[in-house]
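Chemist: When you get a sec, could you give me coordinates for this:
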Amino acid sequence: MAPDTVSLRYFLVLAQELNFTRAAARIGIAQPALSARMRRLEAELGTALLVRDTRSVALTTAGAALVESAPPALAALDQAWDTARSAAAGELGTLRIGYSLSAGAETAPALVDRLIRGNSGLEVGAVPMATPEISPAVADGRIDAGITRGEQPGRGVRLFLLRRERIGVQLARHHPLAEHPEIEIADAAAYPLRLPDRAANPVIHDQLSALFRDTRPHPRFHTPAVSFDMSQRDLCDGVTLAPAGEAAVTASPAGLTWRPLRGAPSLTIHLVLPREQSPLHRRVRAVATTLAHELHWLPD
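Modeler: Numbers count the residues shown, from 1 in each chain. Down below sits the predicted model:
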């Protein structure tokens, strides 16, 4: 049977002091209690660790060997306890995050960076995915968490609001509407409007197109030939507009800008977690909530 670690730690203090009175005072217990613990420790080991007389305490050969071997063993045990506590707190393990491409410019990198910096024992991997695939992948365990634009439907998952952002339009800096700090929805509808492919994100496609439902004449919608074009070449004609969230401000390539649409509702970005959550999932949620408020992604 392994000795109890408290008595072993007391023994190491006594081995340094070689005096029961000083060792008991240093530990913070009564001297008789320390003497009783040392006798139990010797009984458990089946050998004497100390040579005692009325004036001094000395280590036996077994005691000296224990003084040398016990500290690394206790350190390893402490590390094992710390590892178990970290795992229970969701600070240890491998985390797989899937995110919508449109959340990859700002939201997903910020969350991944915070998770890595705040949890040294956490290995985080993030991969872009088609938005409709994220919730099913979280539900069946292919990924641990997801970041989606729009309130995506899905069974076996829970959605947590991560961010609200204003809806506006991306446009060329030389576009006639770029001189306005805000753009009227009816004014934007007079120009060709590029919407994301509905197959890529039905929720966002429908929300953006609904903004212009009541405008007359009906706007001219089109979807890009390339589903995610970082250069946004089709906007450089100075005519086409692309309805988009406020994150487009930081993601706009040279020559393009973003202006809010007056009176438009907000777009939402959600954290997707499984309905049954582990400590790791709860850790992700806590970090995401803190980050959202620190960066003012959500109103106070």
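Chemist: in the lowest-mean-pLDDT helix or strand in the chain, what counts as buried?
Modeler: Within the chain, no helix or strand scores below helix 248-251, which has a mean of 75 by mean pLDDT, DSSP states H and E. Residues of helix 248-251 classed as buried: Ala248, Val249, Ala251 (neighbour count, 16 or more other CB atoms under 10 Å). Every residue, glycine included, has its C-beta placed from N, CA and C.
Chemist: repeat for stretch 263-282
Modeler: Of the residues in stretch 263-282, those buried (16+ other CB under 10 Å) are Ala264, Leu267, Thr268, Ile269, His270, Leu271, Val272, Leu273, Pro274, Gln277, Leu280, His281.
Chemist: And those, which two are furthest apart?
Modeler: Ala264 and Leu280 (36.6 Å; CB to CB).
Chemist: Pass me the low-pLDDT residue ranges in this protein, would you?
Modeler: The chain contains residues with pLDDT under 70 at 1-3, 83-84, 86-92, 120, 225-231, 300.
Chemist: what's the longest strand seen in it packed up against?
Modeler: Taking DSSP state E as the criterion, the chain has its longest strand at strand 157-172. Counting contacts by 3 or more CB pairs under 8 Å, 6 or more residues apart in numbering; DSSP states H and E, strand 157-172 packs against helix 107-118, helix 131-139, strand 145-149, strand 242-245, strand 256-260, strand 266-274, helix 279-294.
Chemist: Just after that strand, pick out the following helix or strand.
Modeler: Tracing the chain past strand 157-172, the next element assigned as helix or strand by DSSP states H and E is helix 185-188.
Chemist: which other residues reach that next one?
Modeler: Under the criterion CB atoms under 8 Å, 6 or more residues apart in numbering, residues 169, 177, 180, 211-212, 215, 219, 241, 243, 261-264 lie in contact with helix 185-188.
Chemist: Dump the residues you listed into TSV; add distance to Gly46 as well.
Modeler: Output for those, formatted as TSV (distance: CB to CB, whole Å):
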residue	distance to Gly46
Val169	82
Leu177	88
His180	88
Leu211	82
Phe212	86
Thr215	90
Pro219	89
Leu241	85
Pro243	79
Leu261	82
Arg262	85
Gly263	84
Ala264	80
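Chemist: Quick one: which of the residues you listed is the most crowded by neighbours?
Modeler: The residue in the contacts of helix 185-188 with the most neighbours, by other CB atoms under 10 Å, is Val169 (29 neighbours).
Chemist: surely Leu235 meets Val169?
Modeler: No. With contacts counted by CB atoms under 8 Å, Leu235 stays clear of Val169, the gap being 9.3 Å.
Chemist: Show me whatever sits in contact with both of these two.
Modeler: Joint contacts of Leu235 and Val169 (CB under 8 Å, 6+ apart) are Leu241, Ala242.
Chemist: tell me the contacts of Ala126?
Modeler: Ala126 makes contact with Arg96, Ile97, Gly98, Tyr99, Ala108, Val112, according to CB under 8 Å, 6+ apart.
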